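K.L.:
here is my input, please return the structure:
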Amino acid sequence: MAKPTSPEGLDVIIIGAGVGGLYAIHKYRQLGLKVRAYEKGDDVGGTWYWNRYPGCRCDVESLEYSFSFSPELDQEWKWPERYGNQGEILKYVQHVADRFDLRQDIQFNTTITSATFDDKTSRWTVTTDKGETITAPYCLMATGNLSTPRKPDIKGIDSYKGKTYHTGLWPHGGVDFTGLRVGVIGTGSSGVQSIPIIARQARQLTVFQRTANFSLPARNEPMDPQKEAKHKAEYPERRAGAVNTPFAIAGYPPPTKSALDVSAEERNAAYEKKWQEGGSISFLYAYTDLLTNKAANDTASDFVEGQGDRRGALPERSSDRHQAADPGYQLLRDLQSAAREAGQHPQQCHLGDYRVGHQDCGWQKLRARRHRVRHGLRRHDRRHERDRHQGRRRRLHP
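P.N.:
As a prediction, the model looks like this:
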């Protein structure tokens, strides 16, 4: 049994040095508590440290996706875009760690292997992969809700001869797909973000999806100096008001009406306003029941599909029209309806990038009978040979 190696007088064990972990260190210090955080990576950042895949970006506006405990930090930090990308957000988090001297209470390159609570002593005992045993009255799991990358359960994946990448474990030096045949498995947020960028490099890109998703335009743009100045002048009121909002984001108060309690004309006018504003947070909370009532949700889905129809978004090729009958192909419509907009949706995806010049992006519906072969991936009805495969972690977005 490993010998206890707890820092003397430790009050709080914090697991994870991402956004939540760093705030916990700062807050508990203010309360006069002795804390120690343990982080698997070699630096702070959490999800913004691990997820470095091409196109990675936040779907919450930069001026709101930020720490609220320091008015000085609020005023001094300059965000270059309406929505921050992975590199800018990581830079910000690292700045916070340095500015408030948080690193002194973090042990990096350390994985927690167990955490148990003793009811008799009212203490936590935590062990690490280094053989350490740490005890304290409190243990905070600042690990995030999706911190463990999931490897696709595909038969034969270990015998695949090409290179495989996971969006949640992306190489820090990046990946060059120039001239390669690439397959992307999954069209969640990380898939939608990375696909158009990979498409610009790859000789051929095939996207495999199980379930279609909607994607809304974000209208990302360089930060407007006037908007920034106004937002910063209102920070105290915005921070206070955010407490009573669905996502703790200022400017989006809880809705008061059901989508089914208003006329179609009023409802579509509200959706159009949200569509032009950009972003998913505002759109999802246009009404009280878009996420709880299918009939209400259908009104929003119909509106988004209508954006594609209005702009002639469905592909013209006969093979694509045939695929459009497949429910799984619905994603193409959804992405196109966003990509046709003048702006960009939260995942920065432009469907036009999917079909540029030499690209031949096949949208393939993955079914239960699927397995990887040595040089590609076999679908239920055909085989796809690829030089590289990219999987993605399933992520939840508001």
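K.L.:
please state the offset of stretch 244-262 from the chain centre?
P.N.:
Here stretch 244-262 is found 22 Å from its chain centre; the criterion is CA atoms, centre = their mean, to the nearest Å.
K.L.:
quick one: end-to-end distance for that stretch.
P.N.:
24 Å (CA to CA, to the nearest Å).
K.L.:
ok, G46 touching A24?
P.N.:
No - counting by CB atoms under 8 Å, G46 sits too far from A24 to count as a contact (11.8 Å). (Glycine included, C-beta is placed from N, CA and C.)
K.L.:
who has more neighbours out of these two?
P.N.:
For G46 versus A24, neighbours defined as other CB atoms under 10 Å are more numerous around G46 (23 against 20).
K.L.:
just give the nearest non-adjacent residue to the more buried one, would you?
P.N.:
G18 (1.8 Å; CB to CB, 6 or more residues apart in numbering).
K.L.:
what touches both of G46 and A24?
P.N.:
A142 (CB atoms under 8 Å, 6 or more residues apart in numbering).
K.L.:
mind checking how far the residue nearest to G46 is from M223?
P.N.:
Look at G18 and M223: by CB to CB, to the nearest Å, they are 24 Å apart.
K.L.:
neighbour count: these two, which is higher?
P.N.:
More crowded of G18 and M223, by other CB under 10 Å: G18, with 22 against 18.
K.L.:
that one: what's it in contact with?
P.N.:
By CB under 8 Å, 6+ apart, the neighbours of G18 are 44-49, 93, 142, 144.
K.L.:
okay, now the unreliable bits of the stretch 251-398 of the chain?
P.N.:
When residues are selected by pLDDT under 70, those of the stretch 251-398 of the chain lie in 308-398.
K.L.:
ranges for the helices of the stretch 101-250 of the chain?
P.N.:
189-201, 225-233, 235-242 (DSSP state H, counting those that start in this stretch).
K.L.:
looking at the ones you listed, which is buried most?
P.N.:
helix 189-201 (a mean of 24; mean count of other CB atoms under 10 Å).
K.L.:
just give the closest residue to S258, not the sequence neighbours.
P.N.:
D289 (5.0 Å).
K.L.:
just to be sure, the one you found is in a strand?
P.N.:
No - going by DSSP: H, G, I helix; E, B strand; the rest coil, the assignment for D289 is coil, not a strand.
K.L.:
so what's the closest residue to S280 other than its chain neighbours scoring on pLDDT?
P.N.:
Excluding the flanking residues, the one nearest S280 by CB to CB, 6+ apart is L216, at 5.0 Å. Looking at L216, its pLDDT is 82.
K.L.:
mind listing what's buried along the top helix by length along the chain?
P.N.:
Counting residues, the longest helix found in the chain (DSSP state H) is helix 294-310. Buried residues in helix 294-310, counted by 16 or more other CB atoms under 10 Å: 296-297, 299-300, 303-305, 307-308.
K.L.:
how about these in JSON lines, adding distance to N109?
P.N.:
Shown next, in JSON lines, are those (distance: CB to CB, whole Å):
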{"residue": "A296", "distance to N109": "48"}
{"residue": "N297", "distance to N109": "44"}
{"residue": "T299", "distance to N109": "50"}
{"residue": "A300", "distance to N109": "45"}
{"residue": "F303", "distance to N109": "49"}
{"residue": "V304", "distance to N109": "44"}
{"residue": "E305", "distance to N109": "48"}
{"residue": "Q307", "distance to N109": "47"}
{"residue": "G308", "distance to N109": "47"}
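K.L.:
of those residues, closest to T178?
P.N.:
Using CB to CB, G308 comes nearest to T178 of the buried residues of helix 294-310, at 31.2 Å.
K.L.:
burial of Y83, as a residue count?
P.N.:
Y83 - counted by other CB under 10 Å - has 26 other residues nearby.
K.L.:
same check, this time on A250
P.N.:
Counted by other CB under 10 Å, the residues lying close to A250 total 22.
K.L.:
was I right about it contacting E64?
P.N.:
Yes - using CB under 8 Å, A250 is in contact with E64, at 6.1 Å.
K.L.:
returning to what we had before: now the helices of the stretch 101-250 of the chain as CSV including distance to N85 and mean pLDDT?
P.N.:
Shown next, in CSV, are those (distance: least, CB to CB, whole Å; pLDDT from 0 to 100):
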stretch, distance to N85, mean pLDDT
helix 189-201, 10, 89
helix 225-233, 17, 97
helix 235-242, 22, 93
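K.L.:
those helices: which one's closest to F117?
P.N.:
Closest to F117 of the helices of the stretch 101-250 of the chain, according to CB to CB: helix 235-242, at 32.6 Å.
K.L.:
who touches that closest one?
P.N.:
By CB under 8 Å, 6+ apart, helix 235-242 touches 64, 68, 71, 74-75, 231, 248-251, 253.
K.L.:
repeat that for stretch 260-267.
P.N.:
259, 270, 287, 289, 293, 295-296, 299, 303.
K.L.:
let's see it at 6 Å
P.N.:
Stretch 260-267 is contacted from outside by 259, 296, 299, using CB atoms under 6 Å, 6 or more residues apart in numbering.
K.L.:
next, the buried residues of it.
P.N.:
Buried residues in stretch 260-267, counted by 16+ other CB under 10 Å: R267.
K.L.:
ok, back up a step: which helices and strands does the longest helix of the chain pack with?
P.N.:
helix 330-339 (3 or more CB pairs under 6 Å, 6 or more residues apart in numbering; DSSP states H and E).
K.L.:
at 8 Å what do you get?
P.N.:
helix 264-277, helix 330-339 (3 or more CB pairs under 8 Å, 6 or more residues apart in numbering; DSSP states H and E).
K.L.:
mind putting the helices of the stretch 101-250 of the chain into TSV with distance to H166?
P.N.:
Below are those laid out as TSV (distance: least, CB to CB, whole Å):
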stretch	distance to H166
helix 189-201	9
helix 225-233	35
helix 235-242	33
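K.L.:
G9 is nearest to which of those helices?
P.N.:
helix 235-242 (33.3 Å).
K.L.:
mind exporting that closest one as CSV, just the C-alpha atoms?
P.N.:
Extracted in CSV, the C-alpha atoms of helix 235-242 (Å, rounded to 0.1, in the frame of the first residue of the first chain):
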residue,chain,number,x,y,z
TYR,A,235,-20.3,43.9,-17.3
PRO,A,236,-21.4,44.4,-13.6
GLU,A,237,-25.1,44.3,-14.6
ARG,A,238,-24.5,41.5,-17.2
ARG,A,239,-22.7,39.3,-14.7
ALA,A,240,-25.4,39.8,-12.1
GLY,A,241,-28.2,39.2,-14.6
ALA,A,242,-26.6,36.0,-16.0
